[in-house]
Every structure is written in C-alpha cells, then in structure tokens.
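Asker: mind folding the following:
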Amino acid sequence: MTLDNGVPLLEVARISSLSAGGPRYSPSLATSEGDSVGNVIILCPTHHALVDKNPEIFSSEELVKMRDAHFERVRRGLSTAMRRSTSNRLADLLDVWDQNRGKDDEEYWQRLFSDHPEAFSLALEGRAYTLSSKCYVGGKSVANTGGNVLDFLAQHGGNAALVEIKTPATKLLASQKYRGNVYAPSRELAGSTVQVLEYRHSLVSNLPALSFETPGLRATQPMGVVIIGDLEMEDLDEGGRRSFELYRSSFRDLKIMTYDELFGGIRMLVEILQE
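Answerer: Residues are numbered from 1 along each chain as shown. Predicted structure coming up:
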C-alpha cells in the first residue's frame, strides 16, 4: 500500500525468514509455510526496518503476539462499532415510538416496520428472518378474484411466520363487561386473530403453487403473530387483564403481542447494548 506520491504506507514483513542469515531465520520452515498468511505481519516502513534490525528483541514469537494482540483490538473495535450501530438504530426506533405512541394510522406503522424489520425480532422469538410486506398468501376464487394479502411474511430457516398489525390505539377488549367480571375481545382483536389464522390456513393450503412462484418459500408449521393495542394505555382493571391474558393464551399457533410489550422489549435490548 502506497501514498499518492508512491511512498509505501504499509509493507509485508515475514515473521520468520526463509533465507539463512535473514532476520528470524527458521531452517525448519517449509517454503509453502514461509509464504503463507500465518507467517506475515503488516508494518509501516519504519517499524519494518526496526524489527528486522533487532531480531533478538523482536523474535518470531514476539511478532506473533504483537499481531494477535492487534487482531484482538480490531475485533473488539468492530464488535463495539456494530453494537453501537445496532443500538443507535434501535434507539432511533424507540424515539419514533415515544413520539407517535397514540397514532391510529395502520399504514404509518406498516411503513415503520418495513423500514425497521429488526423491530419484529422479539415477536419472532429471536430468530433470524427475511421480512417481506404485503404478501399474497393464496385464497383467490376460481374466478381469480379476492385473495389474502398479509401485512408481513417473515421467513426463517425452514419455516415462516405471518405477521398482521393493527395500531397502538386499537382497543383490546369490548368497552362493556360481557358477564360478571369477564370481558370479550374487541371486534378488531377478534377479527385480526381470525384473519391471521385464515391467512395461515391459506398459506399452507396453497403452498405448492406459492412455492412454484417463490422458490425457497417454506412453511412447515407457520406461526401467526398479531401486533395490536397498547396494554399500558388501555388501563384495564383486574378482570379485563385476566380476560385478555386468557384469550391470547388459548391459541396454539398464534401469538398476540401489544405494541408496548414489543417496544418495551426493544428498550431493554437498547439498555443492554449501551452498557
């Protein structure tokens, strides 16, 4: 590597010399090993001359230690930079949440999650995934009309998850008690859960045809996810909280998560990454 004027900026130095009389000569070193990456260290011209003039100080073992210590510093630096980058991105997402928590615009949240697919990592149980939005999952009639369009399809490994979103302002429960101390799910909550289950059924039923059009699509036991409401802001009484928990825990292949739970988990993750 050289500067614009041709002066070398970095030079390749051998840790052990292949030639007798060379610095740190090792007669047991094979030619193939001498030219290998494991036998070189990158130095500036000044330090290259310094270590070759003082092999008794800068032995082969010492140069290997110096190189490994440098690699470790770079590794830690890159790791910290990546953590900061991830932390900053998630922190920016939290700022958006704090400023728009009550926004009752489904398209707004659709765009936000499209721009920040990492937000779903907690809802999808930490799996690595590829996120696609507004996906057709089958269901057209014989007249080629209708069809089911899902908010998000997350593909991970040999499976998939179907994500349907509402807004944080969507009510979770009916305003009036159904009977005694029991509340029924709101129309939007009940409708969205049935909707994502219908989409799941449609995806599995139409998988051969969908896989033909989308190679790599797999859905052996797809999970449904509904992101809806704001449990903290709805301020449910004890009966309402129990009714909601009983309702969402009754599904086998469907997870219901509220926006405050989703972003609360992101907030915890940001705090951990910033430590």
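Asker: any idea how far residue 222 is from residue 120?
Answerer: Going from residue 120 to residue 222 by C-beta to C-beta, to the nearest Å gives 14 Å. Using the backbone N, CA and C atoms, a C-beta is placed for each residue, glycine as well.
Asker: and the residue nearest the centre of the protein?
Answerer: Nearest to the mean C-alpha position of the chain, by C-alpha atoms, centre = their mean, lies residue 118 at 4.5 Å.
Asker: quick one, helices of the chain?
Answerer: For the chain, the helices defined by DSSP state H occupy 31-34, 45-53, 60-100, 106-115, 187-205, 207-213, 231-234, 238-249, 259-273.
Asker: one step back: surely the residue nearest to the centre of the chain and residue 90 touch.
Answerer: Yes: with contact defined as C-beta atoms under 8 Å, residue 118 reaches residue 90; the gap is 7.0 Å.
Asker: where does the protein dip in pLDDT?
Answerer: Along the chain, segments meeting pLDDT under 70 span 1-9, 29-35, 76-87, 126, 128, 139-146, 274-275.
Asker: residues contacting residue 108?
Answerer: The contact partners of residue 108, taken as C-beta atoms under 8 Å, 6 or more residues apart in numbering, are 100, 167.
Asker: could you check how far it is from residue 212?
Answerer: Computed as C-beta to C-beta, the residue 108 to residue 212 distance reads 35 Å.
Asker: the residue lying closest to residue 178 once chain neighbours are set aside: neighbour count?
Answerer: Counting by C-beta to C-beta, 6 or more residues apart in numbering, residue 178 lies nearest to residue 184, which is 4.4 Å off, once chain neighbours are set aside. Residue 184 has 15 neighbours, counted by other C-beta atoms under 10 Å.
Asker: over to the one 10 residues further on?
Answerer: The number of residues packed near residue 194 is 11, by other C-beta under 10 Å.
Asker: what's the answer for the one 3 residues further on, then?
Answerer: As a burial measure, residue 197 scores 17 neighbours (other C-beta under 10 Å).
Asker: now swap in residue 67 and tell me
Answerer: For residue 67, using other C-beta under 10 Å, the count is 16.
Asker: also the one 5 residues further on?
Answerer: Look at residue 72: counted by other C-beta under 10 Å, it has 10 neighbours.
Asker: kindly report the same for the one 3 residues further on.
Answerer: Neighbouring residues of residue 75 were enumerated by other C-beta under 10 Å; the total is 10.
Asker: what does the domain assignment say about this structure?
Answerer: Using automatic domain parsing, the domains assigned to the chain come out as 1-100, 104-273.
Asker: buried residues, stretch 90-107. List them.
Answerer: Neighbour counts over stretch 90-107 (16 or more other C-beta atoms under 10 Å) mark 90-91, 93-94, 96-97 as buried.
Asker: scratch that, stretch 62-72 is what I was asking about
Answerer: Residues 63, 66-67 are the ones in stretch 62-72 that count as buried (16+ other C-beta under 10 Å).
Asker: can you put those in JSON lines and add distance to residue 253?
Answerer: Below are these laid out as JSON lines (distance: C-beta to C-beta, whole Å):
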{"residue": "63", "distance to residue 253": "58"}
{"residue": "66", "distance to residue 253": "56"}
{"residue": "67", "distance to residue 253": "52"}
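Asker: of the residues you listed, closest to residue 132?
Answerer: Nearest to residue 132 out of the buried residues of stretch 62-72 is residue 67 (C-beta to C-beta; 43.8 Å).
Asker: and the closest residue to the closest one other than its chain neighbours, bridged to which residues?
Answerer: If the residues on either side of it in the chain are set aside, residue 67 comes closest to residue 41, at 4.8 Å by C-beta to C-beta, 6+ apart. Beta-bridge partners of residue 41, counted by DSSP bridges, are residue 13.
Asker: can you tell me which residues contact residue 41?
Answerer: 12-13, 15, 63, 66-67.
Asker: cutoff 10 Å now
Answerer: 11-15, 47-48, 51, 58, 60, 63-64, 66-67, 70 (C-beta atoms under 10 Å, 6 or more residues apart in numbering).
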